[in-house]
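> Got a sequence here, can you build the structure:
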Amino acid sequence: MMKDALADLVAEVRHHLYLPDPAPLYAVLAAVAANRLTGDPVWLLLVGPPSCGKTEMLNLLDELPDVWRLDMVTEAGLLTEGRDGQLGGILGDIARRGGRGLLVVKDLSTVLSESPQRRAGLFAAFRRLYDGEWERDLGTGGGTRLRFEGKVGLLGAVTDAIDRLAVEIGDLGPRMLMFRMPDVDAETLMRAAGRNVGRQPEMRATLAGACARFFEQLGPLGNLDDLVDVTGDDGGKLVALARLAAWARSPVIRDPWGQREIDAVPRAEAGARLYAALVQLAGGAIAVGLDDVGLDGLITKVALDAIPAPRRAILDHLGSHPGLTPTTPTLADAIHLSTGATGRHAEDLTALGLLERSAGTGGSGEHYWGLAAETRRLLRTAGLIDAAPLRLVGDDEVGPA
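Numbers count the residues shown, from 1 in each chain. Below is the predicted model:
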């Protein structure tokens, strides 16, 4: 059974790396498998501070035959004109290998440092690429038009600075799933890293080889429908998770100057794409051998990790105290942000309809924040209040043998 192979791989990784919580490994393996199933690609970002282990998780994939490493994210690096009229760049390589592949970007943070114009160009390319095709024009007038068609998944690592680009990321559709790296004990992590000093290349080669053998044992993957039965979500937990996360990550447009007042509130994301991506990732998780508990934890986490961290902190705090209506300073103390920043994020959630705001008495000018009724319903249905398990397969259907 794949569960045994998964347990062996977790043990091998833990022998070399500090991995108290195997969830990051599960997320990476599930994303690889999800991209080998029928259906749309899965794009997953590991989000966390520098040196938290996200790059080492991606290093595990270095020996997989369908993985292409992309060190610098540029349009030319993705697609350019090759020899004899063939496509060049990484997408040209993928096209010659059947039009299916997985891009691994170990530092997507470089994109965040680009100018807004260059980011917009890359995000536009990503939108088209996710949907299965991308055309790139070279030159002007009678220039050359390059066209790629295929299925391309993406796994990347990025810092928490990505939350500052919530509106731009929203312009991606959004297509990205996120897995926020769990907190770890920094001193234990440093000591574990110290044991690998001087032999990092050998350690990474060992782990990459173990991961490659794991997927060889897994073998070819076929139809998503053979692994996932969404009718098993009879309580609507997955639908509620996707709806809540998509709603809470929807952009609110603020004036970047002056008092940063809200300029516009676009209609919230409906969540259908996020729901489909979570189902696809669930299929990958089942394929690699996750049991019901691992599946529930992974899909719930990835869904909620889509929400920008400050908004998520507010919802977490109010969700864990469903009768609470704190003032802005009290809420700020609870989530460890400034009063001004907390007020802006709470205003965003209120503008979207997830929170309700009330004014204090006596003309104090103070605001009180509480969960809207629909937010409470979604939290309850999603199992975040009065938890209920997520089940997408039968008791004996926990992945292929």
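> Assign the spatially most central residue of the chain to one of the three secondary structure states.
By CA atoms, centre = their mean, the chain has its centre lying nearest to residue 178, at 1.6 Å. Of the three states, residue 178 takes strand under DSSP: H, G, I helix; E, B strand; the rest coil.
> Skipping its backbone neighbours, what lies nearest it in space?
Leaving out its chain neighbours, the residue that sits closest to residue 178 by CB to CB, 6 or more residues apart in numbering is residue 305, at 4.5 Å. Where C-beta positions appear, they are placed from N, C-alpha and C, glycine not excepted.
> for that neighbour, phi and psi?
Note on residue 305: its backbone torsions stand at phi -70, psi -10 [degrees, to the nearest 10].
> For it, which residues are in contact?
Neighbouring residues of residue 305 by CB atoms under 8 Å, 6 or more residues apart in numbering: 47, 177-180, 312.
> Show me which pair in those residues is furthest apart.
Spanning the widest gap among the contacts of residue 305 are 177 and 312, at 14.5 Å by CB to CB.
> Which strands or helices does the helix or strand that contains residue 282 pack on?
If you go by DSSP states H and E, residue 282 is part of helix 272-287. On a contact count with 3 or more CB pairs under 8 Å, 6 or more residues apart in numbering; DSSP states H and E, helix 272-287 meets helix 23-36, strand 176-180, helix 237-248, helix 292-305.
> tell me which residues in the third one are buried?
By neighbour count, and taking 16 or more other CB atoms under 10 Å as the criterion, the buried residues in helix 237-248 are 237-248.
> For those, please prepare TSV with the additional fields distance to residue 90 and pLDDT.
Listed next are these as TSV, based on distance: CB to CB, whole Å; pLDDT from 0 to 100:
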residue	distance to residue 90	pLDDT
237	38	91
238	33	93
239	36	94
240	38	94
241	33	95
242	31	95
243	35	96
244	35	96
245	30	95
246	30	94
247	35	95
248	34	94
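> Output these as JSON lines; include the columns distance to residue 91.
JSON lines is the format used below for the buried residues of helix 237-248 (distance: CB to CB, whole Å):
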{"residue": "237", "distance to residue 91": "37"}
{"residue": "238", "distance to residue 91": "32"}
{"residue": "239", "distance to residue 91": "34"}
{"residue": "240", "distance to residue 91": "37"}
{"residue": "241", "distance to residue 91": "33"}
{"residue": "242", "distance to residue 91": "30"}
{"residue": "243", "distance to residue 91": "34"}
{"residue": "244", "distance to residue 91": "35"}
{"residue": "245", "distance to residue 91": "30"}
{"residue": "246", "distance to residue 91": "29"}
{"residue": "247", "distance to residue 91": "34"}
{"residue": "248", "distance to residue 91": "33"}
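> List just the nearest of the residues you listed to residue 269.
residue 246 (4.3 Å).
> Pull the number of nearby residues for the closest residue to the closest one other than its chain neighbours.
In this structure, residue 246 finds its nearest non-sequential neighbour in residue 271, 3.3 Å apart by CB to CB, 6+ apart. The tally of other residues near residue 271 (other CB atoms under 10 Å) stands at 22.
> Could you tell me how far residue 271 is located from residue 10?
Distance of residue 271 to residue 10, computed by CB to CB, to the nearest Å: 32 Å.
> Repeat that for residue 212.
16 Å.
> for residue 185, same thing?
Applying CB to CB to residue 185 and residue 10 gives a distance of 19 Å.
> got it, and residue 108?
Distance of residue 108 to residue 10, computed by CB to CB: 26 Å.
> ok, the two, which is more surrounded?
The residue with more neighbours, out of residue 108 and residue 10, is residue 108; 21 against 15, by other CB under 10 Å.
> Can you tell me the number of residues neighbouring the nearest residue to residue 204 once chain neighbours are set aside?
Closest residue to residue 204 apart from its sequence neighbours, by CB to CB, 6+ apart: residue 59 at 5.0 Å. As a burial measure, residue 59 scores 20 neighbours (other CB under 10 Å).
> Following the record's annotation, map out the domains of this protein.
Structural domains assigned to the chain are 2-222, 223-401, following automatic domain parsing.
> what about the longest one, how long is it end to end?
Distance across domain 2-222, first residue to last, is 16 Å (CA to CA, to the nearest Å).
> hmm, who's touching the longest helix seen in the chain?
Longest helix in the chain, counting residues (DSSP state H): helix 200-218. For helix 200-218, the external contacting residues (CB under 8 Å, 6+ apart) are 2, 5-6, 9, 12-13, 16-17, 29, 32-33, 56, 59-64, 196, 287-288, 400.
> what about 7 Å?
Helix 200-218 is contacted by residues 2, 5, 9, 12-13, 16, 32-33, 59-64, 196, 287-288 when judged by CB atoms under 7 Å, 6 or more residues apart in numbering.
> any chance of the helices and strands packed on helix 272-287 in a markdown table, plus distance to residue 339?
Formatted as a markdown table, the helices and strands packed on helix 272-287 follow (distance: least, CB to CB, whole Å):
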| stretch | distance to residue 339 |
| --- | --- |
| helix 23-36 | 33 |
| strand 176-180 | 24 |
| helix 237-248 | 21 |
| helix 292-305 | 25 |
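> Indicate which one of those is closest to residue 377.
For the helices and strands packed on helix 272-287, proximity to residue 377 was assessed by CB to CB; helix 237-248 is nearest, at 8.0 Å.
> what element comes up after that closest one heading to the C-terminus?
Past helix 237-248, the next helix or strand by DSSP H and E is strand 253-254.
> Parallel or antiparallel, which strands does that next one pair with?
Strand 253-254 has the following sheet partners, assigned by DSSP bridges: strand 262-264 (antiparallel).
> distance between the strand it pairs with and the chain's centre?
When distances are taken as CA atoms, centre = their mean, to the nearest Å, strand 262-264 is centred 27 Å away from the chain's centroid.
> Show me what it is in contact with.
Contacts of strand 262-264 (CB under 7 Å, 6+ apart): 252-255, 347, 351.
> go on, stretch 272-279?
Stretch 272-279 has contacts (CB under 7 Å, 6+ apart) with 40, 42, 173, 177, 228, 230, 238-239, 242, 245-246, 299, 302-303, 306.
> Could you identify the pair within these that is furthest apart?
Within the contacts of stretch 272-279, two members stand farthest from each other by CB to CB: 173 and 228, at 21.9 Å.
> For stretch 117-126, C-alpha coordinates in CSV please.
Provided in CSV are the C-alpha atoms of stretch 117-126 (Å, rounded to 0.1, in the frame of the first residue of the first chain):
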residue,chain,number,x,y,z
GLN,A,117,4.8,46.5,-15.1
ARG,A,118,7.0,43.4,-15.3
ARG,A,119,4.9,41.6,-12.6
ALA,A,120,1.8,42.3,-14.6
GLY,A,121,3.3,40.8,-17.7
LEU,A,122,4.4,37.7,-15.9
PHE,A,123,1.0,37.3,-14.2
ALA,A,124,-0.7,37.6,-17.5
ALA,A,125,1.5,34.9,-18.9
PHE,A,126,0.8,32.7,-15.9
